[in-house]
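next input, structure requested:
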Amino acid sequence: MKILLFGMNGQVGWELQRSLAPLGELVALDFDSPGPLGADFTRPESLAATVRAVAPQVIVNAAAHTAVDQAEGEPDIARAINAAAPAVLAREAVAAGAMLVHYSTDYVFDGSGNQPWREDAPTKPLNAYGQTKVEGEQAIRNSGCRHLILRTSWLYSARGGNFARTMLRLATERDKLEVIDDQVGAPTGADLLADVTAHALRGVFANPELAGTYHAVAGGATSWHGYARHVIEFARLAGRPIRVQAQDIAPVASSAFPTPAQRPLNSRLDTRKLKQAFGLTLPDWQTGVERMLREVLA
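As a prediction, the model looks like this:
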């Protein structure tokens, strides 16, 4: 099996290089790779030549415009990367008889209510990022290509910056913190998502009827405030010089930190379809976060 991966240097793409390697020959490119096998997601049509040159059985698109606030000011660039580029990849997947794996987000929903969102729930994004991700999903489905669309939320990895690292830094610098507590979701490790991808990919090749859209997040749910407290207390128990006390991490509403893009309050995703289809058990979010923290704090 030949696999063409786009977005190799992103959080998920980095982990996918590990999880997909045992499945076959892997050709990995970033979203702006130069050279004869180039990838420029701001010029979506340029991707077609790369797909044709590689002739993969599987295309995995881990490239995306994920700067949510920035997307409000540059919706055309976000749309090129998040919607037009997946449309080209889907078209080329049809032509090549290949399968397309694509990643989407909890931001396709409006965040109302408090129940986990099912895959068939109506999409109603609150911001440009979410809207372009919806358009990308629709383009893939409309193309008729065999696909896996995996929606995830609150993604992190030990590599690069993330919310946990920010909280750890602030907790060593300040005596008091304010953290949003009215947005709820499941912090999900890029390593978990990459492993789920490889497992699901094998499942779909064995049973093509399993292709489609799935929610892929860690188990359980928490607020950003709950996430921050867990991270900080773990670091304190690990002997890190934490200044802020647990009672001084104050919960606040989203309105305390205005942003250009509105965020959904309820980012819970229902993963029953994924677990039943592929026989998976998804660990609680704390398990992955603590594993990441052990690496970060080592």
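
looking at this, Met292 is in a helix?
Yes. With DSSP: H, G, I helix; E, B strand; the rest coil as the criterion, Met292 is part of a helix.

how close does Tyr129 sit to Asp106?
For Tyr129, the distance to Asp106 equals 11 Å [C-beta to C-beta, to the nearest Å]. In this view, the C-beta of every residue, glycine as well, is placed from N, C-alpha and C.

and if you look at Asp120?
Noted for Asp120: a distance of 15 Å to Asp106, by C-beta to C-beta.

pick out whichever of these two has more residues nearby.
Shown here are Asp120 and Asp106; by other C-beta atoms under 10 Å, Asp106 has more neighbours (25 against 8).

per-residue pLDDT, the more buried one?
Note on Asp106: pLDDT of 97.

identify the residues contacting it.
Each residue near Asp106 by C-beta atoms under 8 Å, 6 or more residues apart in numbering is listed here: Trp117, Arg151, Thr152, Ser153, Trp154, Gly185, Val217, Pro264, Ser267, Leu269.

now do His65
His65 neighbours (C-beta under 8 Å, 6+ apart): Phe41, Ala71, Ile77, Ala78, Ile81, Asn82, Tyr129, Thr132.

and Gln247, that one's in a helix?
Yes. Per three-state DSSP, Gln247 lies within a helix segment.

and it, how far is that from Val27?
Distance from Gln247 to Val27, counting by C-beta to C-beta: 52 Å.

okay, those two: which has more neighbours?
Using other C-beta under 10 Å, the more surrounded residue of Gln247 and Val27 is Val27, with 16 against 7.

next structured bit after the helix or strand harbouring the more buried one?
Element membership of Val27, judged by DSSP states H and E, is strand 25-29. Sequence-wise, the next helix or strand downstream of strand 25-29 (DSSP H and E) is helix 47-54.

give me the number of residues near the nearest residue to Ser267 once chain neighbours are set aside?
Sequence neighbours aside, Gly185 is the residue nearest to Ser267 in space, at 3.3 Å (criterion: C-beta to C-beta, 6 or more residues apart in numbering). Gly185 has 26 neighbouring residues, counting by other C-beta under 10 Å.

contacts only, for Gly185.
By C-beta under 8 Å, 6+ apart, the neighbours of Gly185 are Asp106, Ser153, Trp154, Val217, Ala221, Thr222, Ser267, Arg268, Leu269.
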